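K.L.:
One predicted model, sequence on top.
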Amino acid sequence: MKNRILNLLKGSVLMGLFLTLLGFQEIQAQQRITGTVNDALGPVPGANIVVQGTTNGVTTDFDGNYSIEASSGDVLVFTYLGYATQTITVGNQTTINVTLVEDASKLEEVVVIGYGTAKKSDVVGSVSQVTSKSFENQPLTRTEDALQGRASGVKVTRNSGQPGGEIKVRIRGVNSITGNNSPLVVVDGVIGGDLSSINPNDIASMEVLKDASATAIYGSRGSNGVILVSTKKGKGKGKISVDYFISSDHVRKYIPTLGAADFARIENSSRARVNSPAVYTNEEIAALEANGGTNYQKELLGQNGLTQNLQLSASGASEDGKINYFLSGNYVNQKGMVIETGYEKYSVRANVNAEINDRLNVGVKISAVRAKTENNLDQFNLFEGRKIFQALTWDPTTPIYNENGGYNLYSTKSVASGTYNPIADMLESDLQNVNDRIDVNFNTDYSITDKLKYSLIVGANSINTAQQNYIVSQTLPDATYSGAKTTSFQVSNILTWANTYGKHDISATGLYEFSQNEYSQNGYKSTDYIVPGNYYLAELGQSFNAWNNYNKSDIQSLMARAAYVYDKSLFLTATVRMDQSSRFRKAQNTGYFPSVALKYSFKQMDFLSNGDFLTDFAIRGGWGQVGNQNIAPYATYPSSQIGGTDASYPYSGGTPSPGAIPDGYGNEDLTWETTTQINAGLDFAFWNGRASLSIDGYKKNTTDLLLDVPVPGTNGGGVIPQNIGEVENYGVDFSLGGGIVSTDNFNWDSNFNFSYVQNKVVDLGGVDFIQGSFEATDGTQQYWNIIEKGRSLGQFLGATFLGTWKTAEATEAAEFGRAPGDPKYLRDESGDIVYRPIGNGTPTTFWGFNNTFTYKNWDLNLFIQGVHGFDVYNTMRGTINGPAKSFMSPDQLNQWTPENETDIPAGGQSIIGSSRFVEDGSFIRLQNLAIGYTLRDIGAIESLRIYASGQNLFLITDYQGYDPELTSVAADPAERGNGDVAAGIDAGAFPNPLTISLGLKFNF
Amino acid sequence: MYTKNKLIKYLSSGIGMVSVVFALSLQSCANLEEHPSDSQLAPGQFSSLEDFDLAVTGVYGKLRTAAQWTTFNVFGWAGDDITTHKALNKAPFREYDQMNVSGDNPRSLSNWNDVYSMIRAVNAVIESAEGLNVTDQERYNRLLGEAHFLRGTLFLHMSRIHGRIPLPLTSAPDFEIGLATQEEVYQQVESDLLLAESLLPNMYPGLEIPEGAARPNKGSAQAILSRLYMNWAGFPLKDSSKYTDAANVAKKVIDNHSSYGFELLNDLNDLWKVANRFNKESVWTIVYSNAAGLGNRKYGILGYPADVEGGWSETFAEVRFFEDFPEGPRKEATYRTDLDWKNFTDQVQPVFTKVAGPLGDLPSQWSTDRNDFYMRYAEVLLNYAEASGRSGNATADAWEALNMIRRRAAGKPFDSPDPSVDVTSGDLAELAFTERKWEFAGEYLRYNDLVRMERVEEALKNEARTPLDSNIPIANPVLGSLSPDNYYAPIPQIEIDLNPNLAN
């Protein structure tokens, strides 16, 4: 593998050298004018240079360079939207560098569109851009947070407040029932990036490709949308920035639980209901009243979180602008609110670009990241829920420590949760997850002629993860190691051509690309230490087992894109991509993904060009098809499992012998799922672009779903992946932004975006339901979710709660073995409790409202977001309201009594998975409030910004748990399916903190 | 600029390389063939006996996965010997206990899934062994015999819970498979076990611990056959000619018990000690190894109420059954009489030694090293006695088989006749049937005895279960019908939803 990459790199270097050669062999037949177009900040890509009175014109490349043929008498006209036009007579100059002056009324940006860039005005597909400007004043450690609420159609969900925890990003709903719904991340042209490993400070802009006309160029990997991340480049004189912030995290609210004395009384009363004697004596209750018992929730959430973030960067360019660099280093250290949890990340990046000559540019980008997560709660033994769940259900009358200073490992009264003491587990266990990632990106472009350019991007990365767990709570300590190595590379050859014929601008892009991903993993487990120790004493285990895995996959692709613009009014883009993937068998491994998009701008029309208010108006429409090839490698082949708990057997009661059992069924007919999307949009610009409004409506249908179709247990169980079924998403994205106030001293920039998406399962291959993936945490082996035809993904499955059995209903209750005061559920004719869909956890509506105010040296950022139209299955509340042995909820203080027949059950078989615990999840959150003050030119310091901010300062919601945004997506998606079908199930997620930060930012 | 010139010189002389680079870059570097065998064993025909052995071990792995949970024996809760907690998360067990099993019972479902997953594995083994050329034919026969033994035994196991069941015989899924008739089920079990009997040796060679037949031998197959015929002769087919078969095949085991390595233990107290988890009384043992993460999750604290060692309150003894249990060493060995169970606060029920373990024997854990004695030699003896009686052939040997059990129950040597205990007259079949009740209390076998003799109502009606101690209520009174149409547990509803052919 290593050799493979080396060979590729060698090949690429040779290619570069070849191109250099071509550059020098060029024949000077005519006078060629070259130069760079800059603005106050640096090079301007996409500026137009036209020989006045002719149709001979070129545009500057991404580094602001141009080259045009002209004679000495010609006049060059430099235009760029948003800037004042300049005209320069050629004379005897061969190099003409121009600095454009901004014309605020005409501001226009360049947008990265994948395998190239485009002027924002030329973009026909649905693309949202998030530039560093919009998030630089929010203290961020995660790139996903920079996206949150800033791009319409993009939903960012924090599954938990765990430092370093998973953050879910979804673009325009979810397509796939069993596949992965995460968008494709492309970093500087290299596919397969990971947002969590990118330092947000390194990002210049992120473009979110939403509709199929924009994503079709990514073919079989584009169906979940694409996020294009461009990292920063240096420009201008050398600059050093230092940014440091410190934040502290606080628990926003605790879930109310019974105090120890009340708990003891309720415990006695529920025993009395079934004629069992009391567990607590009056003296014990009095003592608990006096000492208050132990609140395990507060013990677990026993510290304030603390984050320190240090960011250093150096950037700049050589005087002639031919070499630029951006170097950065970042250190993040976080301590979570749950004791013993933490996260640490180091990252460095070096981006260097050089203009070798007028035609050839080369660049190298290297980044390295190490991230270490300590005691991720998802990686503990999940039996009877996560630690938060366990802490909320743990006996408040048993102290953490016994009289001898040891732990009380289990409830001394055998009440409440039967699990191991969660505090002891946190303190004595040690789980470390280390993730190292190195990315290398080599890129070069060579202008073969004025109109034809060849670009080469070679990306390679290596990811090493190591999971080192030492867990004490499974009777005797166990240690587990699991290490995985992923190496991948991508080689993209891109040819672009552009020309202008009068009012006709035509451009074309061609691509040949291939990539490979190789994965290997191995691990061992040492079980039941003879004496307690630590992770590094795994030799103490009484038994050992080991596992291995390996796979490799390749993709090879061709892509073509053509764009046609007529008179800056009519824009047409058509693309087609062909992908061949090794994950499918030969007969099915080739897919074609076409798209077409059209836009008409009325800007040239008199009523707009003469207007003051509405200055541009465009309508857009697009259609395209994209795919999702996200199945595991080798899924088309039947497989077997060797060893492990299901396939080994201890014939002599000791060390087991390995065996082999059939595993996957394989399906040689598998191919990608296809998403067909249509999109229609309207764009408005007001006051020459000071404000803009975009509205997009879309409908996308994903067919031939890569669905894991359950095999009936009778036939051996498990699943067969099949191309079956259809999911539909339709919705509206709305984005309004601009400078509301713009004066010398005071500016107010505001951006509001709003998205509505409706998800629907259209077809499940002939059945109306598919069993869900989220198995109840209460040991009933039922599922809390279900996939239902005709409804949105994320359906909750459960019983329908009808209050309590009343005294008057005692006879009827007795037929079911129930008594008055027991919970009552909807039953069918045969008397069985009905389990049916009782709620849905997929939000339909989300919005973000971001405001930046600047007054002289002061700046203020206010960012509010909202999510609506979904339920949360509060199974944590279900658990503390019974039946897991004991009641923990203060609701019980108002429980049913013969005298006061409330609907709060006093005992009996309470079902956690019931409509009683389905709550409205809608919320509005003050995501960020930041205030800063900037001092300029103090000695060597160019600027110094001091800021303070608060995140998650308020949360408006009716939800009774910690936070409706949290969902308990399985730690292991392979075990419990993708989180989107189990959205909105709260089974004890790490709460989101309220964060207060203070920071300093220097520029030298 | 110096570098640039150097580059030019270097490359000017290497024009040829240029085309090579282009060619390299444009040709396919993607490898579009997958090679799963790089990291996986390919399923399919065996190439050696070692492959065969590996796959048979895999089936045992699946068997252990299924058998480790109380769920494997969930039908046992319907018996009058076992009950469970009246609340907590034990509703699925209570459904059995109260004869009110729903199609959604998650324990039925998980057991169904686990066992049929094993059936898929064993079918793959039988298919993959076909046509394998070997020199060691004996080893081949053993492995094939083992595969058929496992399939036949587990089909019978499932039929004892659900009555009519589907009989998948290939590893390729048949999504439209229907329910076999009861007769077809028994015939399939019989054919698998007869084949196993013919292929298996008297003792499975090479076992590190031969006691307990961790890998079945000829005698194990015959013993299970006797169990099959007892069922066949009783409800629902009531083909009483099968009693003769049951007696004959049980007699074969008895006659050859030494060469099969089977024998009664002298002291019942020894049987349930973890140190004796391999013993001669088990005619086929399912083996566990807790340290290897392959523990048995049926015993230990699952048998205690919350009052004792943080018990899990899953498997309790019924009060009335305990009260009726004849006093003596067998009762002492069956129940934990050291515990003051009448003063339990969680639930007033006696504790089975067979579940919680003898005093001080099992650690306070829910996962233990205890093995399962899938069938005890005692059952072979009692099958022989009862079947002989029911087929009108109450021989001296048949009386002797019953008396061996009675002597040991009384704490006497089982092999020396003892007039104070022995019976030699009366209804041998009924005496043996009653003997089973006490001998196998808490071993999840009682309910099937009630079913095959159609005595469910007689044993489970309220009068029969109400404790004699008037202070103690029946924990989980029967809610469902006690008539034969409710004897068997329904097939899991989800299986019927997925394949309506399983509805009838």
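P.N.:
Yep, it's here.
K.L.:
Near chain B, which residues of the stretch 251-400 of chain A are found?
P.N.:
By the criterion of Cβ under 8 Å from any Cβ of the partner chain, the positions of the stretch 251-400 of chain A lying close to chain B are A:271, A:274-279, A:356-357. The way it works is simple: take the backbone N, C-alpha and C, and place the C-beta from them, glycine included.
K.L.:
and stretch A:659-679, how far from the chain's centre?
P.N.:
The chain centre lies 24 Å from the centre of stretch A:659-679; the measure is Cα atoms, centre = their mean, to the nearest Å.
K.L.:
Widest-spaced pair of the residues of the stretch 251-400 of chain A next to chain B?
P.N.:
A:Asn275 and A:Asn357 (94.0 Å; Cβ to Cβ).
K.L.:
Okay, and residue 111 sits in which element?
P.N.:
No chain specified, so I'll use chain A. Secondary structure from DSSP states H and E places A:Val111 in strand A:110-112.
K.L.:
please go with chain B instead
P.N.:
Element membership for B:Asn111, per DSSP H and E: helix B:106-129.
K.L.:
following that helix, which helix or strand comes up?
P.N.:
Stepping forward along the backbone from helix B:106-129, the first helix or strand reached (DSSP H and E) is helix B:137-162.
K.L.:
can you tell if that following helix touches chain A?
P.N.:
No: interface with chain A: helix B:137-162 contributes nothing (Cβ under 8 Å from any Cβ), its closest point being 10.2 Å away.
K.L.:
pretty sure B:Glu430 is touching B:Arg390, no?
P.N.:
No: with contacts defined as Cβ atoms under 8 Å, B:Glu430 does not count as touching B:Arg390, sitting 9.3 Å away.
K.L.:
Of those two, give the one with the bigger neighbour count.
P.N.:
The residue with more neighbours, out of B:Glu430 and B:Arg390, is B:Arg390; 25 against 13, by other Cβ atoms under 10 Å in any protein chain shown.
K.L.:
mind showing which ranges of chain A have poor pLDDT?
P.N.:
By pLDDT under 70, the low-scoring segments of chain A are A:1-30, A:40-41, A:81-82, A:102-108, A:274, A:381-385, A:779, A:883-885, A:968-978.
K.L.:
host element of the residue nearest the centre of it?
P.N.:
Nearest to the mean C-alpha position of chain A, by Cα atoms, centre = their mean, lies A:Val169 at 3.1 Å. Take DSSP H and E as the rule and A:Val169 turns out to sit in strand A:167-171.
K.L.:
do B:Gly206 as well
P.N.:
Per DSSP H and E: B:Gly206 is located in neither a helix nor a strand.
K.L.:
which residues touch it?
P.N.:
Applying Cβ atoms under 8 Å, 6 or more residues apart in numbering or on different chains, we find B:Gly206 in contact with no residue.
K.L.:
where do the strands sit along chain B?
P.N.:
Per DSSP state E, chain B has strands spanning B:82-83, B:282-286, B:316-317, B:372-376. These are given in chain order.
K.L.:
which residue does the stretch 401-504 of chain B bring closest to chain A?
P.N.:
For the stretch 401-504 of chain B and chain A, the shortest gap (Cβ to the nearest Cβ) falls at B:Leu498, measuring 4.3 Å.
K.L.:
The closest residue to that residue other than its chain neighbours and A:Gly611: what is the separation?
P.N.:
Nearest residue to B:Leu498, sequence neighbours excluded (Cβ to Cβ, 6 or more residues apart in numbering or on different chains): A:Pro712, at 4.3 Å. Using Cβ to Cβ, to the nearest Å, we find A:Pro712 at a distance of 66 Å from A:Gly611.
K.L.:
go on, A:Arg359?
P.N.:
Counting by Cβ to Cβ - A:Arg359 and A:Gly611 are separated by 43 Å.
K.L.:
And these two? Which one has more around it.
P.N.:
The residue with more neighbours, out of A:Arg359 and A:Gly611 and counting by other Cβ under 10 Å, is A:Arg359; that gives 23 against 15.
K.L.:
that older thread, angle of the helix holding B:Asn111 against helix B:137-162?
P.N.:
Counting by axes from the mean of the first three to the mean of the last three Cα atoms, to 10 degrees, helix B:106-129 points 160 degrees away from the direction of helix B:137-162.
K.L.:
which helices and strands sit right next to helix B:106-129?
P.N.:
Applying 3 or more Cβ pairs under 8 Å, 6 or more residues apart in numbering or on different chains; DSSP states H and E, one finds that helix B:106-129 makes contact with strand A:660-662, helix B:49-67, helix B:91-97, helix B:137-162, helix B:493-498.
K.L.:
Centre of the chain to it, how far?
P.N.:
Once both centres are worked out by Cα atoms, centre = their mean, helix B:106-129 turns out to sit 13 Å from its chain's centre.
K.L.:
go on, stretch B:393-401?
P.N.:
Put simply, stretch B:393-401 sits 29 Å off its chain's centre (Cα atoms, centre = their mean).
K.L.:
What residues of it count as buried?
P.N.:
By neighbour count, with 16 or more other Cβ atoms under 10 Å in any protein chain shown as the criterion, the buried positions of stretch B:393-401 are B:394, B:398-401.
K.L.:
what's the answer for stretch A:466-486, then?
P.N.:
With burial defined by 16+ other Cβ under 10 Å, the residues of stretch A:466-486 counted as buried are A:466-482, A:484-486.
K.L.:
Tell me how far the closest residue to A:Gln303 other than its chain neighbours lies from A:Thr509.
P.N.:
When the adjacent residues along the chain are set aside, A:Gln303 lies closest to A:Ile339, with 5.7 Å between them (Cβ to Cβ, 6+ apart). A:Ile339 sits 54 Å away from A:Thr509, going by Cβ to Cβ.
K.L.:
Residue 310: what's it in contact with?
P.N.:
Just going to use chain A. Contacts were defined as Cβ under 8 Å, 6+ apart; by that measure A:Leu310 touches A:242-244, A:330-332.
K.L.:
Can you look at chain B instead?
P.N.:
By Cβ under 8 Å, 6+ apart, B:Gly310 lies in contact with A:410-411, A:414, A:418, B:301, B:304, B:364.
K.L.:
I'd like to know how many residues surround the residue nearest to B:Ser391 when sequence neighbours are not counted.
P.N.:
Distances taken as Cβ to Cβ, 6+ apart place B:Tyr243 nearest to B:Ser391, at 3.9 Å, with adjacent residues excluded. By other Cβ under 10 Å, 24 other residues sit near B:Tyr243.
K.L.:
what's near enough to touch B:Tyr243?
P.N.:
When the contact criterion is Cβ under 8 Å, 6+ apart, the partners of B:Tyr243 are B:229-230, B:233, B:387-388, B:390-391.
K.L.:
Most neighbours among the residues you listed, which one?
P.N.:
Comparing the contacts of B:Tyr243 on neighbour count, B:Ala387 comes out first with 29 neighbours (neighbours: other Cβ under 10 Å).
K.L.:
Pretty sure that residue sits against B:Thr244.
P.N.:
Yes: with contact defined as Cβ under 8 Å, B:Ala387 counts as touching B:Thr244 (7.4 Å).
K.L.:
helices or strands up against the strand or helix carrying A:Gly731?
P.N.:
Assigned by DSSP H and E, A:Gly731 belongs to strand A:726-742. When contacts are defined as 3+ Cβ pairs under 8 Å, 6+ apart, strand A:726-742 packs onto strand A:691-703, strand A:746-763.
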